[in-house]
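Student: A predicted structure for the sequence below; I have some questions about it.
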Amino acid sequence: MSPRRAAAATGAATATATTVGPLQSWFQAAVVHAKGASAPIARRRLARELLPSATLTAAQRLNIYAHSYFLRLRDVLRHDFSGLLHALGEAEFDRLARRYVDAHPSSSFTLNDFAARLPRFLEHAPLPPRLRARRRFLVELATLERVLDELFHAPHAEPAAVEQLRALPPQSWAKARFTAIPAARLFAFRFPVNRYLQAVYDGGGPPLPIAVPNWLLVHRHNWKVWRSPLSETQHALLAPLLRGTTLGHALQQAARFGGASVLQEVGAWFTEWTGDGLFAAIGVKPAAAARKRSR
Amino acid sequence: MPAVPANTAPNRFGLPHLGLGLGLRTVHYEAILATRPAVGFFELLTENYLGTEGRPLRIVEQIAELYPLVLHGVSMSLGSADRLDFAYLRQVKALAQRVNAAWLGDHVCFTGVAGKNSHDLLPLPYDEANLRHLVRKVKAAQEFLERPLVLENPSTYVTFGCSTMGEAEFLARLAQEADCGLLLDVNNIYVSCRNHGWDAQAYLDAIPYDRVVQVHLAGHTDHGTHCIDTHSAPVCDPVWQLYAQAERKSGGRSTLLEWDEEIPSLDVTLAELKKAQRFQKRAPRRAAASHA
């Protein structure tokens, strides 16, 4: 059955949908409300719609759903943002989680993307005075943690082999282009969020750090997401390259930070990055042009 | 662990008896691939493998080479006033084909309305309007998926004043009128009967067993005034007793143990699952007697 035919079939259900919909809308509104059965919208119809049991009032029964709704989504956030949880503390994290859940209720069949907007939300979320001055660090930390989850689920592409890199003739290096796998991101952070996060993972209970510029490559290789600190020069080389420029242009950018010595190290860097599965394609033609020509 | 007891009465859909199975959980991936335990099948939580191209999907493809798999979803939201989500169903269908799922199912519930998803199994009133609505959506979903759905009775915590029939009657009529299968969760029966003061015996008596394809076992949390379906503990004795009756009445069904919180090692979950053998071994003999 095609979706169109099936949609027509369920179109016949719209009459029943209008019958069952209002009660579902009320129930959902009560369940997702922070005050649960105490919310005005819940109280308005509670006695009419729900019965007590021998041991619980109708409000207590409704609150089983209301409590589990928030706890389930909060636990997703706690799981995905263990570094941020440590930085904020449980009480402040839960306040943030409640605000986020209220502002961005899930509309997807999966929870994989539920936390996608948390880093941006954190940019303007209310914080206590002691944390307000640390907002930039907190946002960067949340950004990193979100990316770890995003790349875990990202589309797969077979990485280019080191042999492909070695097969590139020296005279072609300047024109060479390197296409990153979809599961790769590059960062320039103001705060040492990767070091902080690792300390949390190690159970070290790190204090909130001061600003120290740092650069990070995050990518998935062999189905694990790796965090690789970079030098400023390496970042300056990879950033334009992963935007699609030629290696020659990227090297000019990197030379501003690393000077002429970059040329002596760049071969080893590319061997390592290629071996670590960072690139999906290596060649002298832009990937998009190659695809277009093959059609 | 023997996969399938002999001499079992078939379900009306001709779906196979897969024996005793486990809900597949990420913490057990490596142990399963390393030890290849004697389990009849694994059940995937469907949504965990949609919209991702990460490691879980790769692991599942490996496990699919070794064991039969079934899909068990939580977001089909069949009871919702919203229309069916065909983009979602398309992905479910593709996953079912990819892992060669023996069957696929979801719950008798709604998970959200007006485009929202609570990620909870929200209860439906058991009345004619909801039955009509659910039957139409289940039929449409089955037609799109090109196979019968196997739908589970949820644990519920509220009673709607507008309900006009019991849950078991609602399930029986749904199964008959939508021509779908049932997944009988005996822990959910226990939890809901405790929460609502229902008679578990009457519940089991009202189930059309020829439509039961699978049975779920799990633990729950007893708060005294009510029970919550947490899947965080071993199966309790009253649930084992309900399972024994369900096995006797059905003649034996594919049985799966769920464990979702405070998940123990694979060995512990396998030991818990193995307890079901006692009831599966007894069931065929009694079923044969009742059919004589």
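Tutor: Happy to help now that I have it.

Student: Pull the number of nearby residues for A:E265.
Tutor: Neighbour count of A:E265, defined by other Cβ atoms under 10 Å in any protein chain shown: 15. (Glycine included, C-beta is placed from N, CA and C.)

Student: how many neighbours does A:P159 have?
Tutor: 25.

Student: And the one 10 residues further on, by the same measure?
Tutor: Burial measure for A:P169: 8 neighbouring residues, criterion other Cβ under 10 Å.

Student: distance of it from B:R136?
Tutor: 65 Å (Cβ to Cβ, to the nearest Å).

Student: cool, and A:L242?
Tutor: Counting by Cβ to Cβ, the gap from A:L242 to B:R136 is 50 Å.

Student: neighbour-wise, which of those two wins?
Tutor: Of the pair A:L242 and B:R136, B:R136 is the one with more neighbours under other Cβ under 10 Å, namely 23 against 18.

Student: Which helix or strand contains the more buried one?
Tutor: According to DSSP states H and E, B:R136 maps onto helix B:128-145.

Student: Any part of that helix near chain A?
Tutor: Yes - Helix B:128-145 reaches chain A (Cβ under 8 Å from any Cβ of the partner chain) through B:A129, B:N130, B:R132, B:H133, B:R136, B:K137, B:K139, B:A140, B:A141, B:E143, B:F144.

Student: Make CSV out of these and add pLDDT.
Tutor: As requested, these are arranged in CSV below (pLDDT from 0 to 100):
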residue, pLDDT
B:A129, 96
B:N130, 97
B:R132, 96
B:H133, 96
B:R136, 97
B:K137, 97
B:K139, 98
B:A140, 98
B:A141, 98
B:E143, 98
B:F144, 98
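
Student: Need the buried ones from the residues you listed selected in ChimeraX.
Tutor: Applying 16 or more other Cβ atoms under 10 Å in any protein chain shown to the residues of helix B:128-145 next to chain A leaves a buried subset, and the ChimeraX line that selects it is:
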select /B:129,130,132,133,136,137,139,140,141,144
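
Student: so how many other residues sit close to B:R58?
Tutor: Using other Cβ under 10 Å: B:R58 sits among 13 other residues.

Student: Would you mind naming what in the stretch 51-200 of chain A lies close to chain B?
Tutor: So the stretch 51-200 of chain A meets chain B at A:51, A:53-56, A:58, A:61-62, A:64-65, A:68-69, A:72-73, A:105-113, A:152-156 (Cβ under 8 Å from any Cβ).

Student: other SSEs contacting the helix or strand hosting A:R72?
Tutor: Here A:R72 sits within helix A:58-80, counting by DSSP H and E. Using 3 or more Cβ pairs under 8 Å, 6 or more residues apart in numbering or on different chains; DSSP states H and E, the elements in contact with helix A:58-80 are helix A:14-32, helix A:40-49, strand A:50-51, helix A:90-103, helix A:135-153.

Student: what about 6 Å?
Tutor: Packing partners of helix A:58-80 (3 or more Cβ pairs under 6 Å, 6 or more residues apart in numbering or on different chains; DSSP states H and E): helix A:14-32, helix A:90-103.

Student: Heading C-terminal from it, find the next helix or strand.
Tutor: For helix A:58-80, the following helix or strand on the C-terminal side (DSSP H and E) is helix A:82-88.

Student: What is that following helix packed up against?
Tutor: helix A:135-153, helix A:193-201.

Student: Looking at those, which one is packed in the most?
Tutor: Of all those, helix A:135-153 has the most neighbours on average by mean count of other Cβ atoms under 10 Å in any protein chain shown, namely a mean of 21.

Student: List buried residues within the residues of the stretch 51-200 of chain A next to chain B.
Tutor: Among these, the ones that count as buried (16+ other Cβ under 10 Å) are A:53, A:56, A:58, A:61-62, A:64-65, A:68-69, A:73, A:105-106, A:108-112, A:152-154, A:156.

Student: mind listing the helices for chain B?
Tutor: Here chain B has its helices, by DSSP state H, at B:29-35, B:55-66, B:86-98, B:128-145, B:167-178, B:186-196, B:200-205, B:237-250, B:266-274, B:276-291.
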